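*Asks:* my questions concern the predicted model and sequence given below.
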There are 2 protein chains.
Amino acid sequence: MNRYSLNQATTKYWPLEDVVAASAKAELDWIGLWREPVQEYGVERAAKLVADAGLRVSSLCRGGFFTATDDAERRAKIEDNRRAIDEAATLGTDVLVLVSGGLPAGSRDVDGARAMVTDGLAELAPYAGERGVRLAVEPLHPMFCSDRCVVSSLGGALDLAEQFPADQVGVIVDAYHLWWDADVYRQIARAGDRICSYQVSDWIVPLPADNLLGRGMMGDGAIELRRLREACDAAGYDGPVEVEIFNQQLWDAPGQEVFDLAYQRYTEHVA
Amino acid sequence: MNRYSLNQATTKYWPLEDVVAASAKAELDWIGLWREPVQEYGVERAAKLVADAGLRVSSLCRGGFFTATDDAERRAKIEDNRRAIDEAATLGTDVLVLVSGGLPAGSRDVDGARAMVTDGLAELAPYAGERGVRLAVEPLHPMFCSDRCVVSSLGGALDLAEQFPADQVGVIVDAYHLWWDADVYRQIARAGDRICSYQVSDWIVPLPADNLLGRGMMGDGAIELRRLREACDAAGYDGPVEVEIFNQQLWDAPGQEVFDLAYQRYTEHVA
């Protein structure tokens, strides 16, 4: 199988049907999906669209955001994650990507926030396992720790994941978020069969004013993308490699152009 | 002794004589200095100014930037670091803060860049030790890894420092750069007598367009500053606590106003 998978967030404004058609035309095996556009299209309808095109869903992004200021908010988030698990199952993917959430409003208690993530996983892991879906904890870059994700390193993600069975909770290795870590190769080896996906983009400077959109096309930045892919392989991961780039310039470009460039750059810098 | 020390970079446009006078008037014991304004004023003259005011220099910022594209550049950087060591000795401080440098232009070899830092330390450590100066490796936040500092965690800094005698090479614990790390308390305990300084500012969002200037005043952000200070104390550190904030709004405010606010916030959130 071809391991390449384009996550639809890379071509954010391109309709789902177009991304699917382009992926099928390129004879790909995988496609990465995002909850909101899939919900808009209809989850079962999206599942049929993808299957009819001969594709499989590499992952569904994303659930998580477990940190909350009160119990009602916490409960609502757990319920939303159950829906996300159901959606992943409907789409036939075994990977639901989870971003943990940042510090609750007004809080500095980062350990407490991490404990909320553990509690959320504990509540959802069996439900996910029964549906053949793994909760894939994604550590985000430390610059997002306060406002988006209190899990900031692969080691930290594994400390959480290892409290649960490996078929219920795993981790995402996203090069953009982890490349700077002097410990990352040791942690990838430690991750082993917890690795649910290897995701790629590139680290470019300067960051834009909205640092959520600072990811570059593979080859334009500082990351040893192939070396990290090989480390995941050596740890036993042989699944899809997902291209996931949040970048306003790429979003504003024609979808097919971005699709072609991403596939070319993947071949040159990752495969 | 009062552990509070204002690093002059916090009031960047305030003349050295004014920062020294304000620190003396507030009956402080310490002041943190920056190489460029000190060179401009004259190193020996600055040493006399500080001593006459009854102050001691908590640290001199900064040397380092060891990563280089060729040998001539590498040699020039080593020589500049020898001068920085001499300046620290003249100022009577035993702490020279080192920022390691980012990836050499066009390189993705982060391990190679880290090896250049090790080589630089190896060349300079005995020279520093003979002059009673410790090379204090400062891990910067991972968002600066590619362009400024390939040492991105306290664990990584200790991996470097521990290759040398503790009286020659130590580390800086800067809350802004390290607070997000789930491993930071374990690493502070590991650091023990390698800790050369505890530096404080706060993590605020959103980051400004120039993310070098994104540090907030203590109390305005997400960091458990007192908890980190107590961890340094428990590891055996009892030296000065340096306030070092790079923030354009604070730089544009009157020096005395920033001085007073920083001291008040230190008392409330750190001491």
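*Replies:* That came through, no problem.

*Asks:* let me see the ranges of the strands in the stretch 101-250 of chain A.
*Replies:* Along the stretch 101-250 of chain A, counting by DSSP state E, counting those that start in this stretch, strands occupy A:134-137, A:169-174, A:195-200, A:202-203, A:215-216, A:241-243.

*Asks:* please identify which of the ones you listed is closest to A:Asp183.
*Replies:* A:Asp183 lies closest, by C-beta to C-beta, to one member of those: strand A:169-174, at 13.0 Å. C-beta: built from backbone N, CA, C; applies to glycine.

*Asks:* nearest to B:Val133, out of the strands of the stretch 101-250 of chain A?
*Replies:* Across these, closest to B:Val133 is strand A:202-203 (C-beta to C-beta), at 33.9 Å.

*Asks:* ignoring the adjacent residues along the chain, who's closest to A:Ala21?
*Replies:* A:Ala53 (7.0 Å; C-beta to C-beta, 6 or more residues apart in numbering or on different chains).

*Asks:* show me the contacts for the one you found.
*Replies:* Contact analysis of A:Ala53 by C-beta atoms under 8 Å, 6 or more residues apart in numbering or on different chains lists A:Val20, A:Ala21, A:Ser23, A:Ala24.

*Asks:* for the stretch 51-200 of chain A, which segments count as helices?
*Replies:* With DSSP state H, counting those that start in this stretch as the criterion, the stretch 51-200 of chain A has helices at A:71-91, A:110-130, A:154-161, A:175-178, A:184-191.

*Asks:* what mean pLDDT does the last one get?
*Replies:* Across helix A:184-191, the average pLDDT comes to 98.

*Asks:* tell me the helices and strands packed up against that helix.
*Replies:* Secondary-structure packing of helix A:184-191 (3 or more C-beta pairs under 8 Å, 6 or more residues apart in numbering or on different chains; DSSP states H and E): helix A:154-161, strand A:169-174, helix A:225-234.

*Asks:* one more time with 10 Å, if that's ok
*Replies:* helix A:154-161, strand A:169-174, helix A:175-178, helix A:225-234 (3 or more C-beta pairs under 10 Å, 6 or more residues apart in numbering or on different chains; DSSP states H and E).

*Asks:* correct me, but A:Glu162 touches A:Gln187?
*Replies:* No. Contact between A:Glu162 and A:Gln187 fails when scored by C-beta atoms under 10 Å: they sit 11.6 Å apart.

*Asks:* of these two, who's got more company?
*Replies:* Applying other C-beta atoms under 10 Å in any protein chain shown to A:Glu162 and A:Gln187 shows that A:Gln187 carries more neighbours, namely 21 against 14.

*Asks:* so who does the more buried one touch?
*Replies:* Contacts for A:Gln187 were tallied using C-beta atoms under 10 Å, 6 or more residues apart in numbering or on different chains; they are A:139, A:153-158, A:171, A:173, A:178, A:181, A:231, A:235.

*Asks:* just those residues now: which is nearest chain B?
*Replies:* Chain B has its nearest neighbour among the contacts of A:Gln187 in A:Gly156, at 3.9 Å by C-beta to the nearest C-beta.

*Asks:* how deep is the residue nearest to that closest one when sequence neighbours are not counted tucked in, by neighbour count?
*Replies:* Excluding its sequence neighbours, the residue lying closest to A:Gly156 (C-beta to C-beta, 6+ apart) is B:Ala182, at 3.9 Å. With neighbours defined by other C-beta under 10 Å, the count for B:Ala182 comes to 20.

*Asks:* please apply the same query to A:Leu250.
*Replies:* What A:Leu250 shows, counting by other C-beta under 10 Å, is a neighbour count of 21.

*Asks:* also A:Leu178?
*Replies:* 27.

*Asks:* what's the average pLDDT for stretch A:204-217?
*Replies:* 92.

*Asks:* and if you look at stretch A:243-263?
*Replies:* For stretch A:243-263, the per-residue pLDDT averages 97.

*Asks:* can you list the buried residues in that stretch?
*Replies:* If you call a residue buried by 16 or more other C-beta atoms under 10 Å in any protein chain shown, then stretch A:243-263 has these buried ones: A:243-247, A:250-251, A:253, A:255, A:258-259, A:262-263.

*Asks:* circling back: quick one: closest of the helices and strands packed on helix A:184-191 to B:Ile223.
*Replies:* helix A:154-161 (16.9 Å).

*Asks:* name the helices or strands packed onto the closest one?
*Replies:* helix A:110-130, strand A:134-137, strand A:169-174, helix A:175-178, helix A:184-191.

*Asks:* any idea what the most centrally placed residue in chain A is bridged to?
*Replies:* Most central in chain A under C-alpha atoms, centre = their mean is A:Val97, positioned 4.7 Å from the mean C-alpha point. Residues in a beta bridge with A:Val97, per DSSP bridges, are A:Cys61, A:Ala136.

*Asks:* next one: stretch A:197-211 to chain centre, how far?
*Replies:* 14 Å (C-alpha atoms, centre = their mean, to the nearest Å).

*Asks:* for chain B, what are the nearby residues on the stretch 51-200 of chain A?
*Replies:* Within the stretch 51-200 of chain A, the positions near chain B by C-beta under 10 Å from any C-beta of the partner chain are A:102-103, A:106-111, A:114, A:139-153, A:155-157, A:159-160, A:177-185.

*Asks:* buried members of those residues into ChimeraX, please.
*Replies:* Command for ChimeraX that selects the buried part of those, burial taken from 16+ other C-beta under 10 Å:
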select /A:102,103,108,109,110,114,139,140,141,142,143,144,145,146,147,148,149,150,151,152,153,155,156,157,159,160,177,178,179,180,181,182,183,184,185
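
*Asks:* quick revisit: next, show the common contact partners of A:Glu162 and A:Gln187.
*Replies:* By C-beta under 10 Å, 6+ apart, the residues touching both A:Glu162 and A:Gln187 are A:Val171.

*Asks:* residues near A:Gln8, how many?
*Replies:* Neighbour number of A:Gln8 under other C-beta under 10 Å is 23.

*Asks:* quick check, it in contact with A:Trp30.
*Replies:* No. Look at A:Gln8 against A:Trp30 with C-beta under 10 Å: they stay out of range, at 11.6 Å.

*Asks:* which pair of the buried residues of stretch A:243-263 spans the longest distance?
*Replies:* For those, with distances taken as C-beta to C-beta, the pair at the greatest spread is A:Phe246 and A:Tyr263 (18.1 Å).

*Asks:* coming back round to it: nearest to chain B among the buried residues of stretch A:243-263?
*Replies:* Among the buried residues of stretch A:243-263, and counting by C-beta to the nearest C-beta, the member closest to chain B is A:Phe246, at 15.3 Å.

*Asks:* so what's the closest one up against?
*Replies:* Here A:Phe246 is in contact with A:Asn7, A:Ala9, A:Thr10, A:Lys12, A:Tyr176, A:Ser201, A:Asp210, A:Asn211, A:Leu212, A:Leu213, A:Gly214, A:Arg215 (C-beta under 10 Å, 6+ apart).
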